[in-house]
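Trainee: Provided below are the primary sequence and the corresponding predicted coordinates.
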Amino acid sequence: MEHKGIHSLLSQFYTMSMLWRDSIDVVLTNGKHTSLDSERYQQYLDDKVSAKQVTFDANQDENQD
């Protein structure tokens, strides 16, 4: 596995959520962008998960393309 630290952290969150019987939302952030409200950041994260070579400029406004 390439990212053992991230895998371990997410596994711990999963285990804690099972013990508490509550869901836990993991919200990724980069500058003013969050994975909940920034479509550009969501697309960037989707591309990263797909192993594409992409970059993300957190200083760029959401409305700029």
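Mentor: Ah, there it is.

Trainee: what's stretch 14-31 in contact with?
Mentor: Residues external to stretch 14-31 that are found in contact with it (Cβ atoms under 8 Å, 6 or more residues apart in numbering): Leu10, Phe13, Thr34, Ser35, Leu36, Tyr41, Leu45, Phe56, Ala58, Asn59. Every residue, glycine included, has its C-beta placed from N, CA and C.

Trainee: what's the neighbour count on the last one?
Mentor: Residue neighbour count, defined by other Cβ atoms under 10 Å, stands at 8 for Asn59.

Trainee: re earlier: just among the contacts of stretch 14-31, which is most surrounded?
Mentor: Each of the contacts of stretch 14-31 was scored by neighbours using other Cβ under 10 Å; the highest score is Tyr41's, at 21 neighbours.

Trainee: before we move on, the earlier item: among the contacts of stretch 14-31, which two are most distant?
Mentor: Distance extremes for the contacts of stretch 14-31: the farthest pair is Phe13 and Asn59 at 29.1 Å, using Cβ to Cβ.

Trainee: Lys48 and Tyr41 touch, don't they?
Mentor: No - the pair Lys48 / Tyr41 is not scored as a contact, 10.4 Å apart, by Cβ atoms under 8 Å.

Trainee: my read: Lys32 touches Gln60, true?
Mentor: No - Lys32 is not in contact with Gln60 according to Cβ under 8 Å; the separation is 10.1 Å.

Trainee: OK, contacts around Gln60?
Mentor: Contacts for Gln60 (Cβ under 8 Å, 6+ apart) come out as Arg40.

Trainee: and it, what element?
Mentor: Gln60 belongs to no helix or strand when assigned by DSSP states H and E.

Trainee: appreciated, that's everything.
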